[in-house]
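S.K.: What shape does this take:
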Amino acid sequence: MATDAEQEAVELLQNLGLKEYEAKCFVALTRLPSGTAKDISDIAAVPRTRVYDAVRVLESDGLVAIQHGNPQRFRALSVEEAVDILGERYTDRIDDLERTLHEVEPHDGEETRSSQEVWALSGREAIEARTTQIVAETTKELIFIVGAETALTEKLYDTLGATAERDVDVLVGAVSSGARDRFRDRLPEAEVFETELDWLNEPEEEDEPSIGLLVMVDRNVLLVSSQTDHGSGEQPTESAVYGRGFSNGLVVIARRLLARGLLAERDPAQ
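M.R.: You can find the predicted model right below:
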């Protein structure tokens, strides 16, 4: 009977591309200095005839060494070596996926980005990924208003810093003076300002979400994230809306709100 750790290891190996019997055989071999097909079959609960097929695949992947004899003996690479090999394979596949997805053409030549659509995102990872992407795409002006500092991750700090070092106007706003001081220390190339949008982090009702980030890129891309605090030490629930296009209704409203103060003296043609 496989332990919980063995079952989890098998599932993780399958997520990385190994088939079930291959994963089970590899996990079994990690428990042995070396083993025969019978040894592997007994530990992994894999039919002996299938062990040979699985081990041949593992050998071709560089994860198992074979000692030819009668009977043959098999040895798994060390955990560290196996993790390195699988990590390289995983990275290569992600790189290939990114390349091929970029090569996929839009269906019937349709525009992939509609100027009237608004998209919803949920979860910190998805919001961080989309925010990082649009910040990195900035060519002229980035307005980055922080309502909740917890929404500003290290990855976003790095992306903001790299963007500010380019020929881009980066304006970072926050309500509290403490937050502004921290932003000046972390983002010396950016223009840090005090925003009068106190409503960003002051929900009117107890369970009402507070604004996490309000991001406008080149005045035609907008992302607004929010956080809902559930109390009791639970992580806040994060969600966001995202729109693109100078005539997008969501972008127009946000641009006009910001224009009342922050953008009033800046050339809208820039």
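S.K.: Please count neighbours and contacts with C-alpha atoms only from this point.
M.R.: OK.
S.K.: Can you get me a residue count around the closest residue to Leu13 other than its chain neighbours?
M.R.: Closest residue in space to Leu13, ignoring its immediate chain neighbours: Ala23 at 5.8 Å, by Cα to Cα, 6 or more residues apart in numbering. Residues lying near Ala23 (other Cα atoms under 10 Å) number 26.
S.K.: next one: Met216
M.R.: Around Met216 there are 26 other residues, counting by other Cα under 10 Å.
S.K.: Now name the helix or strand holding it.
M.R.: Element membership of Met216 [criterion: DSSP states H and E] is strand 210-217.
S.K.: any idea which helix or strand comes after that strand?
M.R.: strand 221-228.
S.K.: quick check: mean pLDDT across that next one?
M.R.: Taken as a whole, strand 221-228 carries a mean pLDDT of 87.
S.K.: ok, residues contacting that strand?
M.R.: 127, 131, 134, 207-216, 236-246, 250-251, 254 (Cα atoms under 8 Å, 6 or more residues apart in numbering).
S.K.: cutoff 6 Å now
M.R.: Strand 221-228 has contacts (Cα atoms under 6 Å, 6 or more residues apart in numbering) with 209-216, 236-244, 251.
S.K.: Sheet partners, orientation included, of that strand?
M.R.: Here strand 221-228 is paired, per DSSP bridges, with strand 210-217 (antiparallel), strand 237-244 (antiparallel).
S.K.: just the CA coordinates of the first one, formatted as PDB?
M.R.: In other words, strand 210-217. Extracted in PDB, the C-alpha atoms of strand 210-217 (Å, rounded to 0.1, in the frame of the first residue of the first chain):
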ATOM      1  CA  SER A 210     -11.600  48.000  -0.700                       C
ATOM      2  CA  ILE A 211      -9.700  49.000  -3.800                       C
ATOM      3  CA  GLY A 212      -6.300  47.300  -4.100                       C
ATOM      4  CA  LEU A 213      -4.900  48.900  -7.200                       C
ATOM      5  CA  LEU A 214      -6.000  51.300  -9.900                       C
ATOM      6  CA  VAL A 215      -3.700  51.100 -12.900                       C
ATOM      7  CA  MET A 216      -4.000  53.200 -16.100                       C
ATOM      8  CA  VAL A 217      -1.500  52.600 -19.000                       C
END
